[in-house]
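Q: got a predicted model here, sequence first, then my questions.
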Amino acid sequence: MPFLQVNQVSKSYDRTPALTDVSLTLDEGQILCLLGPSGCGKTTLLRLIAGLETPDSGTVLFEGREINNVPPHQRGFGLMFQEFALFPHKNVGQNIAFGLQHWPRVEERQARVQEMLALVGLTGFGGRDVNSLSGGERQRVALARSLAPGPRLLMLDEPLGALDRALRERLMLEIRQILKGLGLTAIYVTHDQTEAFAVADRVVVMNRGQIEQDASPETVYYQPATPFVAQFLGFTNLLPGQVRADGLVETLWGDWSIPQAQHYPAGTSVTVLIRPEAALTEAVGEVVIEGELTASLFRGRFYQITLSAAGQLLTFEMLPNGLPAVGSRVKLWLDPGKVSLFAETYKQGD
(Lines give C-alpha, C1' and ligand atoms only; values in the text may rest on other atoms or scores of the structure.)
Protein backbone atom coordinates (compact mmCIF):
# COMPACT_ATOMS: atom_id res chain seq x y z
CA MET A 1 0.00 0.00 0.00
CA PRO A 2 1.41 3.45 -0.93
CA PHE A 3 2.29 5.77 1.94
CA LEU A 4 0.44 8.60 0.19
CA GLN A 5 -1.99 8.30 -2.70
CA VAL A 6 -3.63 11.03 -4.78
CA ASN A 7 -6.50 9.75 -6.94
CA GLN A 8 -7.85 11.80 -9.87
CA VAL A 9 -7.79 15.09 -7.98
CA SER A 10 -9.17 18.21 -9.67
CA LYS A 11 -9.35 21.80 -8.46
CA SER A 12 -10.60 25.00 -10.12
CA TYR A 13 -10.63 28.64 -9.07
CA ASP A 14 -13.35 30.84 -10.60
CA ARG A 15 -13.97 28.12 -13.19
CA THR A 16 -10.29 28.14 -14.21
CA PRO A 17 -8.77 24.65 -13.78
CA ALA A 18 -5.69 24.53 -11.55
CA LEU A 19 -5.53 20.71 -11.46
CA THR A 20 -7.21 18.18 -13.74
CA ASP A 21 -7.46 14.49 -12.80
CA VAL A 22 -4.04 14.34 -11.13
CA SER A 23 -2.98 10.98 -9.68
CA LEU A 24 0.26 9.95 -8.01
CA THR A 25 1.61 7.75 -5.23
CA LEU A 26 4.47 8.20 -2.80
CA ASP A 27 6.31 5.48 -0.89
CA GLU A 28 7.53 5.93 2.67
CA GLY A 29 11.04 7.39 2.88
CA GLN A 30 10.91 8.80 -0.64
CA ILE A 31 11.57 12.41 -1.66
CA LEU A 32 9.31 13.52 -4.48
CA CYS A 33 9.79 16.84 -6.29
CA LEU A 34 6.93 18.62 -8.04
CA LEU A 35 8.68 20.53 -10.82
CA GLY A 36 7.21 23.00 -13.27
CA PRO A 37 6.74 26.67 -14.21
CA SER A 38 4.66 29.15 -12.25
CA GLY A 39 0.96 28.40 -12.55
CA CYS A 40 1.40 24.73 -13.46
CA GLY A 41 -0.51 23.52 -10.36
CA LYS A 42 2.34 22.20 -8.23
CA THR A 43 1.65 24.44 -5.20
CA THR A 44 -2.10 23.81 -5.50
CA LEU A 45 -1.41 20.07 -5.36
CA LEU A 46 0.81 20.53 -2.30
CA ARG A 47 -1.89 22.57 -0.55
CA LEU A 48 -4.52 19.90 -1.29
CA ILE A 49 -2.31 17.22 0.24
CA ALA A 50 -1.63 19.45 3.25
CA GLY A 51 -5.33 20.09 3.75
CA LEU A 52 -5.05 23.83 3.16
CA GLU A 53 -7.37 23.43 0.15
CA THR A 54 -10.19 20.98 -0.59
CA PRO A 55 -10.33 19.19 -3.95
CA ASP A 56 -13.39 19.67 -6.17
CA SER A 57 -13.18 15.95 -6.95
CA GLY A 58 -10.87 13.04 -6.27
CA THR A 59 -9.35 11.74 -3.05
CA VAL A 60 -6.17 11.99 -1.01
CA LEU A 61 -5.27 8.89 1.04
CA PHE A 62 -2.61 8.63 3.74
CA GLU A 63 -1.64 5.10 4.75
CA GLY A 64 -4.80 3.86 3.02
CA ARG A 65 -7.18 6.26 4.83
CA GLU A 66 -8.97 9.05 3.02
CA ILE A 67 -8.05 12.42 4.55
CA ASN A 68 -10.02 14.86 2.38
CA ASN A 69 -11.98 16.08 5.40
CA VAL A 70 -9.19 15.83 7.99
CA PRO A 71 -8.09 19.33 9.16
CA PRO A 72 -4.44 20.27 8.43
CA HIS A 73 -3.38 20.23 12.09
CA GLN A 74 -4.66 16.67 12.50
CA ARG A 75 -2.78 15.25 9.52
CA GLY A 76 0.62 15.26 11.24
CA PHE A 77 2.36 16.80 8.24
CA GLY A 78 5.11 19.40 8.37
CA LEU A 79 5.16 22.50 6.16
CA MET A 80 8.04 24.73 5.10
CA PHE A 81 7.63 27.71 2.79
CA GLN A 82 9.85 30.13 0.88
CA GLU A 83 8.91 33.02 3.17
CA PHE A 84 10.66 31.63 6.26
CA ALA A 85 7.65 32.77 8.41
CA LEU A 86 9.73 32.97 11.58
CA PHE A 87 8.31 34.84 14.57
CA PRO A 88 10.37 38.03 14.83
CA HIS A 89 9.62 38.47 18.55
CA LYS A 90 10.93 34.99 19.42
CA ASN A 91 14.55 33.85 19.44
CA VAL A 92 15.84 30.89 17.42
CA GLY A 93 15.14 28.29 20.10
CA GLN A 94 11.63 29.61 20.77
CA ASN A 95 10.84 29.50 17.04
CA ILE A 96 11.92 25.87 16.81
CA ALA A 97 9.98 24.98 19.96
CA PHE A 98 6.76 26.54 18.65
CA GLY A 99 5.44 23.23 17.29
CA LEU A 100 6.30 21.41 20.52
CA GLN A 101 3.79 23.16 22.76
CA HIS A 102 1.83 19.96 23.18
CA TRP A 103 4.89 18.22 24.64
CA PRO A 104 4.21 18.25 28.41
CA ARG A 105 7.79 18.23 29.74
CA VAL A 106 9.93 21.36 29.39
CA GLU A 107 13.20 19.42 29.46
CA GLU A 108 12.05 17.23 26.54
CA ARG A 109 11.19 20.31 24.50
CA GLN A 110 14.55 21.87 25.26
CA ALA A 111 16.39 18.66 24.34
CA ARG A 112 14.47 18.45 21.06
CA VAL A 113 15.39 22.05 20.20
CA GLN A 114 19.08 21.31 20.80
CA GLU A 115 18.81 18.15 18.69
CA MET A 116 17.27 20.11 15.80
CA LEU A 117 19.87 22.88 16.04
CA ALA A 118 22.64 20.30 15.77
CA LEU A 119 20.86 18.60 12.86
CA VAL A 120 20.79 21.79 10.77
CA GLY A 121 24.28 22.94 11.76
CA LEU A 122 23.25 25.73 14.15
CA THR A 123 24.50 24.42 17.49
CA GLY A 124 24.70 27.29 19.98
CA PHE A 125 22.22 29.49 18.07
CA GLY A 126 19.26 28.88 20.40
CA GLY A 127 19.39 32.29 22.08
CA ARG A 128 20.03 34.30 18.90
CA ASP A 129 17.62 36.95 17.64
CA VAL A 130 16.18 35.64 14.36
CA ASN A 131 16.39 39.17 12.92
CA SER A 132 20.19 39.00 13.16
CA LEU A 133 20.47 35.83 11.04
CA SER A 134 21.51 35.56 7.42
CA GLY A 135 19.06 34.22 4.84
CA GLY A 136 20.66 30.79 4.91
CA GLU A 137 20.57 30.65 8.71
CA ARG A 138 16.93 31.72 8.77
CA GLN A 139 16.07 28.95 6.33
CA ARG A 140 17.86 26.39 8.50
CA VAL A 141 15.81 27.56 11.48
CA ALA A 142 12.63 27.21 9.42
CA LEU A 143 13.66 23.66 8.48
CA ALA A 144 14.46 22.80 12.10
CA ARG A 145 11.06 24.13 13.22
CA SER A 146 9.31 22.00 10.56
CA LEU A 147 11.21 18.89 11.62
CA ALA A 148 10.95 19.34 15.40
CA PRO A 149 7.47 17.80 15.89
CA GLY A 150 8.55 14.68 13.97
CA PRO A 151 6.15 14.91 10.98
CA ARG A 152 5.31 11.73 9.06
CA LEU A 153 5.41 13.75 5.84
CA LEU A 154 7.28 17.01 5.23
CA MET A 155 6.16 19.39 2.48
CA LEU A 156 8.48 22.12 1.23
CA ASP A 157 7.19 24.85 -1.10
CA GLU A 158 10.04 26.64 -2.94
CA PRO A 159 12.07 26.58 0.30
CA LEU A 160 15.22 28.02 -1.29
CA GLY A 161 13.63 30.42 -3.75
CA ALA A 162 14.60 33.57 -1.86
CA LEU A 163 18.29 32.67 -1.58
CA ASP A 164 21.17 33.43 -3.95
CA ARG A 165 22.45 30.71 -6.28
CA ALA A 166 25.60 29.76 -4.33
CA LEU A 167 23.74 29.41 -1.04
CA ARG A 168 20.88 27.59 -2.74
CA GLU A 169 23.24 24.99 -4.20
CA ARG A 170 24.82 24.34 -0.81
CA LEU A 171 21.52 24.09 1.07
CA MET A 172 19.82 21.83 -1.47
CA LEU A 173 22.45 19.18 -0.83
CA GLU A 174 22.18 19.63 2.94
CA ILE A 175 18.39 19.32 2.84
CA ARG A 176 18.62 16.03 0.97
CA GLN A 177 21.23 14.69 3.39
CA ILE A 178 19.07 15.65 6.38
CA LEU A 179 15.87 14.17 4.95
CA LYS A 180 17.55 10.92 3.88
CA GLY A 181 19.40 10.68 7.19
CA LEU A 182 16.06 10.86 9.04
CA GLY A 183 14.38 8.50 6.57
CA LEU A 184 11.69 11.16 6.18
CA THR A 185 9.09 11.16 3.41
CA ALA A 186 8.92 14.53 1.66
CA ILE A 187 7.27 16.46 -1.16
CA TYR A 188 9.40 19.31 -2.48
CA VAL A 189 7.99 21.98 -4.81
CA THR A 190 10.32 23.94 -7.09
CA HIS A 191 10.55 25.55 -10.52
CA ASP A 192 14.33 24.93 -10.60
CA GLN A 193 15.37 21.72 -12.36
CA THR A 194 18.84 21.77 -10.77
CA GLU A 195 17.24 21.85 -7.34
CA ALA A 196 14.81 19.06 -8.23
CA PHE A 197 17.52 16.79 -9.61
CA ALA A 198 19.76 17.36 -6.56
CA VAL A 199 17.09 16.77 -3.92
CA ALA A 200 14.64 14.22 -5.35
CA ASP A 201 14.37 10.47 -5.64
CA ARG A 202 11.49 11.07 -8.07
CA VAL A 203 10.56 14.08 -10.16
CA VAL A 204 6.99 14.86 -11.26
CA VAL A 205 6.97 17.46 -14.03
CA MET A 206 3.71 19.42 -14.19
CA ASN A 207 2.17 21.64 -16.86
CA ARG A 208 -1.24 23.32 -16.97
CA GLY A 209 -2.59 21.34 -14.04
CA GLN A 210 -1.53 17.91 -15.29
CA ILE A 211 1.44 15.57 -14.94
CA GLU A 212 3.72 15.44 -17.98
CA GLN A 213 6.25 12.95 -16.58
CA ASP A 214 6.84 11.02 -13.35
CA ALA A 215 10.26 9.38 -13.18
CA SER A 216 13.71 9.41 -11.61
CA PRO A 217 15.80 12.58 -12.09
CA GLU A 218 18.08 10.71 -14.48
CA THR A 219 15.19 9.47 -16.61
CA VAL A 220 13.55 12.91 -16.77
CA TYR A 221 16.82 14.48 -17.91
CA TYR A 222 18.01 11.85 -20.38
CA GLN A 223 14.60 10.66 -21.57
CA PRO A 224 12.10 13.55 -21.40
CA ALA A 225 8.64 12.15 -22.08
CA THR A 226 7.14 15.09 -23.99
CA PRO A 227 8.25 18.14 -25.95
CA PHE A 228 7.11 20.31 -23.02
CA VAL A 229 9.43 18.49 -20.60
CA ALA A 230 12.33 18.82 -23.03
CA GLN A 231 11.68 22.54 -23.53
CA PHE A 232 11.26 23.15 -19.79
CA LEU A 233 14.64 21.49 -19.15
CA GLY A 234 16.20 23.97 -21.57
CA PHE A 235 16.55 21.81 -24.67
CA THR A 236 15.93 24.11 -27.63
CA ASN A 237 16.70 21.84 -30.59
CA LEU A 238 13.08 20.70 -31.10
CA LEU A 239 12.02 20.38 -34.73
CA PRO A 240 9.35 18.66 -36.85
CA GLY A 241 9.83 15.38 -38.69
CA GLN A 242 7.91 12.44 -40.16
CA VAL A 243 8.52 8.70 -40.05
CA ARG A 244 8.81 7.17 -43.52
CA ALA A 245 7.79 3.70 -44.65
CA ASP A 246 11.44 2.58 -44.76
CA GLY A 247 11.89 3.53 -41.07
CA LEU A 248 13.90 6.68 -41.71
CA VAL A 249 12.84 10.04 -40.31
CA GLU A 250 12.34 12.82 -42.82
CA THR A 251 13.72 16.12 -41.50
CA LEU A 252 14.61 19.55 -42.86
CA TRP A 253 18.20 18.34 -43.28
CA GLY A 254 17.61 14.96 -44.89
CA ASP A 255 16.41 11.49 -43.98
CA TRP A 256 17.90 10.23 -40.73
CA SER A 257 18.22 6.78 -39.26
CA ILE A 258 17.08 7.12 -35.63
CA PRO A 259 16.58 3.95 -33.51
CA GLN A 260 13.34 5.21 -31.93
CA ALA A 261 11.64 5.47 -35.32
CA GLN A 262 10.93 1.72 -35.36
CA HIS A 263 8.33 2.29 -32.63
CA TYR A 264 6.17 4.53 -34.85
CA PRO A 265 4.07 3.62 -37.91
CA ALA A 266 4.88 5.16 -41.30
CA GLY A 267 3.45 8.63 -41.72
CA THR A 268 3.62 9.53 -38.02
CA SER A 269 4.38 13.21 -37.46
CA VAL A 270 7.05 13.50 -34.78
CA THR A 271 9.04 16.11 -32.91
CA VAL A 272 12.79 15.54 -33.18
CA LEU A 273 14.88 16.43 -30.11
CA ILE A 274 18.60 16.87 -30.76
CA ARG A 275 20.44 17.03 -27.44
CA PRO A 276 23.06 19.81 -27.19
CA GLU A 277 25.86 17.29 -26.65
CA ALA A 278 24.88 15.23 -29.74
CA ALA A 279 27.13 16.98 -32.30
CA LEU A 280 30.68 15.96 -33.24
CA THR A 281 33.13 17.26 -35.86
CA GLU A 282 34.26 13.72 -36.72
CA ALA A 283 32.18 11.13 -38.58
CA VAL A 284 30.29 8.82 -36.19
CA GLY A 285 27.43 7.66 -38.43
CA GLU A 286 25.01 8.72 -41.12
CA VAL A 287 23.09 11.44 -39.27
CA VAL A 288 24.66 14.62 -40.63
CA ILE A 289 23.75 18.30 -40.51
CA GLU A 290 25.41 21.18 -42.35
CA GLY A 291 25.15 24.92 -41.88
CA GLU A 292 26.88 28.15 -40.92
CA LEU A 293 28.50 28.60 -37.52
CA THR A 294 26.95 31.91 -36.43
CA ALA A 295 28.11 32.13 -32.79
CA SER A 296 30.55 30.53 -30.38
CA LEU A 297 30.48 31.26 -26.64
CA PHE A 298 33.06 30.01 -24.14
CA ARG A 299 31.20 28.36 -21.23
CA GLY A 300 34.09 26.95 -19.23
CA ARG A 301 33.97 23.19 -19.81
CA PHE A 302 32.69 23.60 -23.39
CA TYR A 303 31.87 26.05 -26.15
CA GLN A 304 28.22 26.76 -26.89
CA ILE A 305 27.86 27.13 -30.63
CA THR A 306 24.91 28.22 -32.76
CA LEU A 307 24.45 26.63 -36.18
CA SER A 308 22.16 28.10 -38.83
CA ALA A 309 20.87 25.22 -40.98
CA ALA A 310 17.89 25.16 -43.37
CA GLY A 311 16.50 28.30 -41.78
CA GLN A 312 16.71 26.93 -38.24
CA LEU A 313 19.05 27.90 -35.40
CA LEU A 314 20.45 24.94 -33.46
CA THR A 315 22.55 25.11 -30.29
CA PHE A 316 25.26 22.60 -29.38
CA GLU A 317 27.83 22.13 -26.63
CA MET A 318 31.23 21.21 -28.06
CA LEU A 319 34.86 20.88 -27.08
CA PRO A 320 37.19 23.40 -28.78
CA ASN A 321 39.20 20.70 -30.59
CA GLY A 322 38.81 21.23 -34.33
CA LEU A 323 36.06 23.83 -33.94
CA PRO A 324 35.92 26.14 -37.02
CA ALA A 325 35.78 29.92 -36.84
CA VAL A 326 32.48 31.81 -36.62
CA GLY A 327 31.14 32.42 -40.14
CA SER A 328 32.47 29.11 -41.48
CA ARG A 329 30.41 26.42 -43.17
CA VAL A 330 30.29 23.44 -40.82
CA LYS A 331 29.45 19.76 -41.20
CA LEU A 332 28.50 18.01 -37.98
CA TRP A 333 27.77 14.38 -37.27
CA LEU A 334 25.04 13.64 -34.73
CA ASP A 335 25.15 10.70 -32.34
CA PRO A 336 21.84 8.87 -33.12
CA GLY A 337 21.63 7.80 -29.46
CA LYS A 338 21.31 11.47 -28.50
CA VAL A 339 18.48 12.20 -30.92
CA SER A 340 14.97 11.45 -29.61
CA LEU A 341 11.48 11.41 -31.09
CA PHE A 342 8.11 12.41 -29.67
CA ALA A 343 4.87 11.38 -31.35
CA GLU A 344 3.35 14.81 -30.86
CA THR A 345 4.07 17.97 -32.75
CA TYR A 346 5.99 20.70 -30.98
CA LYS A 347 4.98 24.32 -31.60
CA GLN A 348 7.36 27.13 -30.74
CA GLY A 349 6.16 28.78 -27.52
CA ASP A 350 4.21 25.75 -26.20
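A: Right, received. Where do you want to start?
Q: setting aside sequence neighbours, what's the nearest residue to Gly29?
A: Gly183 (5.1 Å; CB to CB, 6 or more residues apart in numbering). For glycine as for every other residue, the C-beta is placed from the backbone atoms N, C-alpha and C.
Q: give me the buried positions along the lengthiest helix in the chain.
A: Using DSSP state H, we find that the single longest helix of the chain is helix 165-182. For helix 165-182, the buried set under the neighbour-count rule, 16 or more other CB atoms under 10 Å, comprises 168, 171-172, 175-176, 178-179.
Q: pLDDT on stretch 338-350, on average?
A: In this model, stretch 338-350 has a mean pLDDT of 70.
Q: packing partners of the helix or strand encompassing Asn95?
A: Here Asn95, judged by DSSP states H and E, is contained in helix 92-97. Other helices and strands packing on helix 92-97, by 3 or more CB pairs under 8 Å, 6 or more residues apart in numbering; DSSP states H and E, are helix 106-119, helix 135-147.
Q: what comes up buried for it?
A: 92-97.
Q: mean neighbour count, the helices and strands packed on helix 92-97: which tops it?
A: For the helices and strands packed on helix 92-97, average neighbour numbers computed from mean count of other CB atoms under 10 Å are highest in helix 135-147, which has a mean of 23.
Q: what about the nearest residue to Ala310 once chain neighbours are set aside, how many residues close to it?
A: Distances taken as CB to CB, 6+ apart put Leu252 closest to Ala310, at 4.2 Å, once the chain neighbours are dropped. By the criterion of other CB atoms under 10 Å, Leu252 has 13 neighbours.
Q: wouldn't Tyr264 be in contact with Val272 here?
A: No - at 11.8 Å, Tyr264 and Val272 do not qualify as touching, with contact defined as CB atoms under 8 Å.
Q: overlap in contacts, those two.
A: Jointly contacting Tyr264 and Val272 under the rule CB atoms under 8 Å, 6 or more residues apart in numbering are Leu341.
Q: tell me which of these two has more neighbours.
A: Val272 (25 against 17).
Q: show me the contacts for that one.
A: Contact analysis of Val272 by CB under 8 Å, 6+ apart lists 238-241, 249, 251, 256, 258, 339-341.
Q: Asn321 now?
A: Counting by CB under 8 Å, 6+ apart, the residues that Asn321 touches are Thr281.
Q: looks to me like it is in a helix.
A: No - counting by DSSP: H, G, I helix; E, B strand; the rest coil, Asn321 falls outside a helix, being coil.
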